[in-house]
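K.L.:
the sequence isn't on hand, but the structure is:
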């Protein structure tokens with residue numbers, strides 16, 4: 001079994017602490033015994049590749065993606081397999097994100113940094129806005145890239161599929177559903193019995209050091225890879 005946390009924010013997310021750099025995330029993952037981490041900044045993938053590079057050296061598998069805010073203000077996790085597809089996902093997000101400048105004093109910095117914590121880029125537009133694509137459109141685009149699509153923290157009272165829509169859209173294709181670390185999965189399913197057919201993961205949604213490491217899922221796979229993780233999600237060989 002491999003411990004995995006598929007919902008981690010970096011300094012690129014305006015709500016992410018400045019300590020959440022690529023180097024720190026990989027260091028912390030190793031300290032917590034995590035073999036897989038998912039980099040999911042708000043509506044951007046720009047911090048993924050540097051984190052993945054460090055992870056490859058240090059023996060931590062990095063899933064590259066983003067936490068996308070749909071037109072309905074539903075948060076979803078999206079991951080793709082390689083650099084070419086990551087560029088396509090980033091272009092899609094850039095195209096559909098409203099061009100509203102970030103207010104650093106109010107929302108915080110949105111930084112792309114390297115392993116030495118040197119600032120390479122500062123994202124100009126506020127990343128936590130909703131893009132102008134529906135949840136169905138986002139799902140279809142992610143899956144057109146062969147990606148992984150997971151509605152985030154479905155148990156929360158804001159920015160979740162249930163809080164924003166009140167129902168699970170017919171025909172929506174998901175690879176798993178995420179719940180928060182403090183939610184009891186059995187109790188949640190008993191209250192939402194129609195969701196029991198789906199596979200669930202638990203993630204930290206870490207924005208700060210203190211939230212990172214205590215919440216994870218366990219994947220029954222021997223060697224981490226994108227295809228192995230996707231297969232595990234769809235085969236229910238994980239433990240939330």
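P.N.:
Arrived safely, thanks for sending. Just so it is clear, the model here is predicted, and its values are computed rather than measured.
K.L.:
quick one: contacts of the helix ranked longest in the chain?
P.N.:
Using DSSP state H to define each element, the chain has its longest helix at helix 83-96. Outside helix 83-96, the residues that touch it by C-beta atoms under 8 Å, 6 or more residues apart in numbering are 43-46, 48-49, 64-66, 68, 78, 80, 131-133, 141-142, 145-147. Every C-beta, even on glycine, is put in place using the N, C-alpha and C of the backbone.
K.L.:
by mean pLDDT, which helix or strand of the chain comes out lowest?
P.N.:
None of the helices or strands of the chain scores lower by mean pLDDT, DSSP states H and E than strand 238-239, at a mean of 60.
K.L.:
report the central residue of the chain.
P.N.:
Centroid-nearest residue in the chain, with C-alpha atoms, centre = their mean: residue 40, separated by 3.5 Å.
K.L.:
tell me how far the ends of stretch 145-162 are from each other?
P.N.:
26 Å (C-alpha to C-alpha, to the nearest Å).
K.L.:
run the chain-centre distance for that stretch.
P.N.:
9 Å (C-alpha atoms, centre = their mean, to the nearest Å).
K.L.:
list the buried residues of that stretch.
P.N.:
By neighbour count with 16 or more other C-beta atoms under 10 Å, stretch 145-162 contains the buried residues 145, 147-156, 159-162.
K.L.:
do the same with stretch 20-28
P.N.:
Result for stretch 20-28 [16+ other C-beta under 10 Å]: buried residues 20-26, 28.
K.L.:
what segments of this structure are strands?
P.N.:
Assigned by DSSP state E, the strands in the chain fall at 2-8, 34-39, 61-69, 75-80, 111-113, 119-122, 148-151, 177-180, 200-203, 217-219, 238-239.
K.L.:
between the ones you listed, which one is nearest to residue 194?
P.N.:
For those, the distance to residue 194 is smallest for strand 177-180, at 11.8 Å, taking C-beta to C-beta.
K.L.:
for that closest one, name the packing helices and strands.
P.N.:
For strand 177-180, the packing partners by 3 or more C-beta pairs under 8 Å, 6 or more residues apart in numbering; DSSP states H and E come out as strand 148-151, strand 200-203.
K.L.:
show residues contacting the first one.
P.N.:
Taking C-beta under 8 Å, 6+ apart as the criterion, the residues outside strand 148-151 that touch it are 6, 63, 65, 74-80, 135, 138-139, 142-143, 160-161, 173-178, 201, 226, 229-230, 233.
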